[in-house]
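1. Let me see the structure of the following:
(4 chains)
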2 protein chains.
Amino acid sequence: MGRTMTPHAIPRYQQLKDLIIERISNGELRPSDRVPSENELVQSMSVSRMTANRALRELTDEGYVKRIAGRGTYVADFRSQSHVLEVRNIADEIAHRGHVHASEVIRQSRQHARGEIAKALHVEQGVDVFHALLVHFENATPIQVEDRHIVADFAPDCLDQDFTTITPSAYLTAISPLAEAEQIVRAQMPNAAVRDRLLMTDDEPSLVVIRRTWSSGRPVTFARLHHPGSRYELTGQYAPAGTPQSTPVGVVQLEALSQ
Amino acid sequence: MGRTMTPHAIPRYQQLKDLIIERISNGELRPSDRVPSENELVQSMSVSRMTANRALRELTDEGYVKRIAGRGTYVADFRSQSHVLEVRNIADEIAHRGHVHASEVIRQSRQHARGEIAKALHVEQGVDVFHALLVHFENATPIQVEDRHIVADFAPDCLDQDFTTITPSAYLTAISPLAEAEQIVRAQMPNAAVRDRLLMTDDEPSLVVIRRTWSSGRPVTFARLHHPGSRYELTGQYAPAGTPQSTPVGVVQLEALSQ
DNA sequence: TAGTCTAACCTGTATATACAACCTAGAAGA
DNA sequence: TCTTCTAGGTTGTATATACAGGTTAGACTA
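-> As a prediction, the model looks like this:
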């Protein structure tokens, strides 16, 4: 039979999670220490085993603990050192800032893959690929040069698209919504073409995101996204799911960190 | 009563997840489409509601669907556009590449917080903070300048640490293993000091990671991590948890993408 | 002594049941 | 017509129970 709960109470499983996180957080439980087993939690916390199971299972997913069937639950070694950055679609990102996105198509053509493009897309030299070169604007200021190649047979109607109304990224994810991706972020000096398109000064570096996206086990698109170093940065927050998410954290940020 | 299972079978809840992911993946279910409710899955898939609930709940955590109590479950809008980059502790990162990490301590002192440091750490002007300036080496080549400030009362024994044997990052997470963090990644030209420490050429940009880490609701450390643009990049993979994780993806990468 | 077996724990999964809270369409009332 | 109420569907949580399978310590046997 279900237990009666006062309205809007914190769920029991969440209380368990919080309790264990607290004990890890304040050092009472240290890495590789044994965490109370499900049955011990049943006893001491007066919950059902399923509830204890859910708490411990979610803590596992979140990287706090490690569970070994037959042995027990242990505090995970070093959570922490991997912080996470999110790279979003440029149009969404601009819209999210409440700004206006526009783009200009410089080139939209069919080519034969060669050299590194062929290698990156896992196709033979000479196979058909589409090439799209665009500039994205945020409130009329150029913010990204997108240099993208797409495997031709993955997106046959690529040349018919109007990339000023739908970004290549949005177009591709509309074709196949799920994909793996690899990314690389680099700081490098732009070539003259990119520098001119982005209205960059001579000594300004660019932040380049190189992204290769996979679908059904094969690479389908390969993009270089160039941004002006003085006007673009990647930001990310990291909160160990369970933290009350102190809200205005992201706001102070930009003001406080200007160098 | 429990259902008998053949040994090592794929769990029922995972089968449900795979089935729904497949239907999203092949376009049968498109963003904002309605996903079968728990009770419908109970009927059509012959599982208990708890099993259906687990499948849908995990799909929610993984970003595939969105659930609204009282209404139903819907395919999440654009999963995809947010790709993820991981920023790891430099020592772990170097160790992971099978290389040797070493570091040199340039400065390790107590200071009074001023200007942007005070702002970033949410302390008054003049409050005690520790300052650590280090260079990290990968196989004797300088790869990172770490410029870090730490709130003094968070880490009172900071000056006693030997940062050549334990990195500041490792030291801090040993004190308080759980934290929130904010990060910013920028491409910028280094100042002369950084350029010299990292043996960079005059026209080489640096990739800067700015990281502020929180503990117990307050900022405790603020670090600028400078890397030589020609020798350092951030990499990340993104696979919608459930993909068979095509193994060698990360390997081809570096070779293929050299520009 | 050395090897084997077993009991007692552990996690992992699955089910049936129960109640609370939320949402909406449509019925019932003013 | 407009408002209010309600029934039924939906998610969210909690419990009790059951069985499968991994792990280990200690008892048992050869």
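2. what about A:His149, distance to DNA strand C?
-> 40 Å (C-beta to the nearest atom of the strand, to the nearest Å). (Each C-beta comes from the backbone N, C-alpha and C, glycine too.)
3. Residue of chain A closest to DNA strand D, please.
-> Nearest residue of chain A to DNA strand D: A:Gly70, at 2.4 Å (C-beta to the nearest atom of the strand).
4. Correct me if wrong, but that residue is in a helix.
-> No - secondary structure of A:Gly70 (DSSP: H, G, I helix; E, B strand; the rest coil): coil, not part of a helix.
5. Distance of it relative to A:Glu28?
-> Noted for A:Gly70: a distance of 25 Å to A:Glu28, by C-beta to C-beta, to the nearest Å.
6. Please apply the same query to A:Leu234.
-> From A:Leu234 over to A:Glu28 (counting by C-beta to C-beta), the distance is 36 Å.
7. Which one's more surrounded, those two?
-> A:Leu234 (21 against 10; other C-beta atoms under 10 Å in any protein chain shown).
8. any weak-confidence spans in the stretch 51-200 of chain A?
-> A:77-86, A:176-179 (pLDDT under 70).
9. what do you get if the cut-off is 80, keeping everything else the same?
-> Residue ranges of the stretch 51-200 of chain A with pLDDT under 80: A:77-88, A:96, A:173-181.
10. mind listing the strands for it?
-> Using DSSP state E, counting those that start in this stretch, the strands of the stretch 51-200 of chain A run over A:65-68, A:72-75, A:83-87, A:101-112, A:128-138, A:141-151, A:180-188.
11. Switch those strands over to JSON lines; also include mean neighbour count and distance to B:Ala91.
-> JSON lines is the format used below for the strands of the stretch 51-200 of chain A (neighbours: other C-beta atoms under 10 Å in any protein chain shown; distance: least, C-beta to C-beta, whole Å):
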{"stretch": "strand A:65-68", "mean neighbour count": "17", "distance to B:Ala91": "22"}
{"stretch": "strand A:72-75", "mean neighbour count": "19", "distance to B:Ala91": "21"}
{"stretch": "strand A:83-87", "mean neighbour count": "20", "distance to B:Ala91": "15"}
{"stretch": "strand A:101-112", "mean neighbour count": "15", "distance to B:Ala91": "40"}
{"stretch": "strand A:128-138", "mean neighbour count": "20", "distance to B:Ala91": "37"}
{"stretch": "strand A:141-151", "mean neighbour count": "22", "distance to B:Ala91": "33"}
{"stretch": "strand A:180-188", "mean neighbour count": "22", "distance to B:Ala91": "20"}
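12. Between the ones you listed, which one is closest to B:Gln183.
-> Across the strands of the stretch 51-200 of chain A, B:Gln183 has its closest neighbour in strand A:83-87 (5.6 Å, C-beta to C-beta).
13. Right, and chain B sits closest to which residue of chain A?
-> Using C-beta to the nearest C-beta, the closest approach of chain A to chain B is made by A:Pro205 at 3.0 Å.
14. what's the nearest residue to that residue if we skip its chain neighbours?
-> Closest residue to A:Pro205 apart from its sequence neighbours, by C-beta to C-beta, 6 or more residues apart in numbering or on different chains: B:Pro205 at 3.0 Å.
15. what's the burial count for the one you found?
-> Neighbours of B:Pro205 (other C-beta under 10 Å): 26.
16. does it really touch A:Ala187, like I thought?
-> Yes - B:Pro205 lies in contact with A:Ala187 (C-beta atoms under 8 Å); the separation is 4.3 Å.
17. hmm, back to that, quick one: contacts for the residue of chain A closest to chain B?
-> A:187-190, A:229, B:187-189, B:205-206, B:229 (C-beta atoms under 8 Å, 6 or more residues apart in numbering or on different chains).
18. re the thing from before, what residues are shared contacts of B:Pro205 and A:Ala187?
-> Common neighbours of B:Pro205 and A:Ala187 (criterion: C-beta under 8 Å, 6+ apart): A:205-206, A:229, B:187-188, B:229.
19. can you list the residues you listed in CSV and add distance to A:Ser37?
-> Formatted as CSV, the shared contacts of B:Pro205 and A:Ala187 follow (distance: C-beta to C-beta, whole Å):
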residue, distance to A:Ser37
A:Pro205, 54
A:Ser206, 53
A:Gly229, 52
B:Ala187, 49
B:Gln188, 51
B:Gly229, 50
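20. Tell me the one of those nearest A:Asp128?
-> The closest of the shared contacts of B:Pro205 and A:Ala187 to A:Asp128 turns out to be A:Ser206 (C-beta to C-beta; 29.5 Å).
21. could you list every residue that touches the closest one?
-> Going by C-beta under 8 Å, 6+ apart, A:Ser206 touches A:187-190, A:194-195, A:198, A:200, A:226-229, B:187, B:205.
22. how about a cut-off of 7 Å?
-> Counting by C-beta atoms under 7 Å, 6 or more residues apart in numbering or on different chains, A:Ser206 touches A:188, A:190, A:194, A:200, A:226-229, B:187.
23. mind checking how far it is from DNA strand C?
-> 45 Å.
24. if I look at that residue, how far off is A:Arg231?
-> Applying C-beta to C-beta to A:Ser206 and A:Arg231 gives a distance of 10 Å.
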